[in-house]
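[1] need coordinates for the below:
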Amino acid sequence: MRALVYEGVETLSVRDVAKPEAALEQSLVRVEASGICGSDMHAYLGHDARRPAPLILGHEAAGVIEGGARDGERVTINPLVSCGVCAACKAGRQNLCPERMIISMPPREGAFAQYVAMHNDNLIPVPDDVPLAKAALAEPLSVSWHSAKLGLASLDQALGDNALVVGGGAIGLAAALALKAQGLENVTIAEPNDARRAFLIDECGQQAVPSSSTQYAMVVDAVGYSATRAIASERCIPGGVIVHIGLGEDMGGLDIRRMTLQEITFIGTYTYTRQDFRDTCDAIFDGSLGPLDWTEKRGLDAGPQAFADLRAGHVAAPKIILHPWE
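    Prediction:
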């Protein structure tokens, strides 16, 4: 099969690799759509020791099961694999499992390929009227759905009912959509890139600004750099909530003194639970998250250029979807 392989820092190639085989309780999925995630970019830039080269990246995927009892079934993939027996798994918090792993981390190859093997429990059926390119958004949307749920559970709306999302990429846009779907309507996205900000306004119907001096009851950092954490610290009201999704860099930015004196809640959040993933899929399928028509389509051969364009900031759309058979 053909796959987009990460060969080293800022180096990708499309080449033939061995087709995976489905193990016991797994299915082979013919991948029809696979999104480029920020974590794929981190690996591409050499910033993720969990993803050493050579490796097939990609974990935001949907396709059609080929062979076995579910042959022909259209599915989206929950790429998070957990042990199922630890305290976190038994509590329904699989994202905290000490053995958790996402495909595209060795030894599990990712979904920038024509086929991927996945455990049957991780394959969610997709209705016939939902395009698989839209279903491939389930993974990043689940990340933000989980984050919005945690943030809203800690938010005292008597103090304020607005939110600022820092970063207008796929996770930031998804956070805005998830907050609105879960009942918080007044959401602003801060996005400094002019082209992307215009896309968010014109194509996604979002309220987007280059920066903001307003204070907000909730601030979602969908970037995770020192500078964006500083913005979150400054823009959050007393008694407010900071929800931190981004994994840009490890240190710096938070004003701990202000957060302490103003009783600002900080929530770190990573991936999602199995229930979050199912709930997000339901929200995609019933239209609660909107038309989800803000992706850019490219073929697998265009994958290396797609990463280069993202690296250079030349992509206005929040998400590029690769199609492995084109």
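[2] the residue of the chain positioned farthest from its centre and Pro238, how far apart?
    In the chain, counting by CA atoms, centre = their mean, Leu261 sits farthest out from the average C-alpha position, at 32.6 Å. Leu261 is 8 Å from Pro238, where distance means CB to CB, to the nearest Å. From N, CA and C alone the C-beta is placed, and that goes for glycine too.
[3] same check on Val209?
    Using CB to CB, we find Val209 at a distance of 22 Å from Pro238.
[4] for the least confident helix or strand in the chain by mean pLDDT, packing partners?
    Least confident helix or strand, the chain: helix 38-44 with a mean of 89, by mean pLDDT, DSSP states H and E. Packing contacts for helix 38-44, counted by 3 or more CB pairs under 8 Å, 6 or more residues apart in numbering; DSSP states H and E, involve helix 303-312.
[5] gap between the helix it packs on and the chain center?
    On the basis of CA atoms, centre = their mean, to the nearest Å, helix 303-312 sits 18 Å off its chain's mean C-alpha point.
[6] which positions within that helix qualify as buried?
    For helix 303-312, burial by neighbour count (16 or more other CB atoms under 10 Å) applies to 303-304, 306-307, 310.
[7] could you do stretch 110-121 as well?
    110-118.
[8] tell me which of those is nearest to Pro140?
    Using CB to CB, Ala111 is the member of the buried residues of stretch 110-121 that lies nearest Pro140, at 13.0 Å.
[9] the closest one against Gly58, yeah?
    Yes. Using CB atoms under 8 Å, Ala111 makes contact with Gly58 at a distance of 4.0 Å.
[10] got any residues that touch both of these two?
    Common contacts of Ala111 and Gly58 (CB atoms under 8 Å, 6 or more residues apart in numbering): 34, 103-104.
[11] tabulate the residues you listed (TSV), appending neighbour count.
    Shown next, in TSV, are the shared contacts of Ala111 and Gly58 (neighbours: other CB atoms under 10 Å):
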residue	neighbour count
Ser34	33
Ile103	22
Ser104	27
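[12] for the stretch 101-250 of the chain, which segments count as strands?
    Along the stretch 101-250 of the chain, counting by DSSP state E, counting those that start in this stretch, strands occupy 101-102, 115-119, 123-125, 162-166, 186-190, 208-209, 216-221, 236-244.
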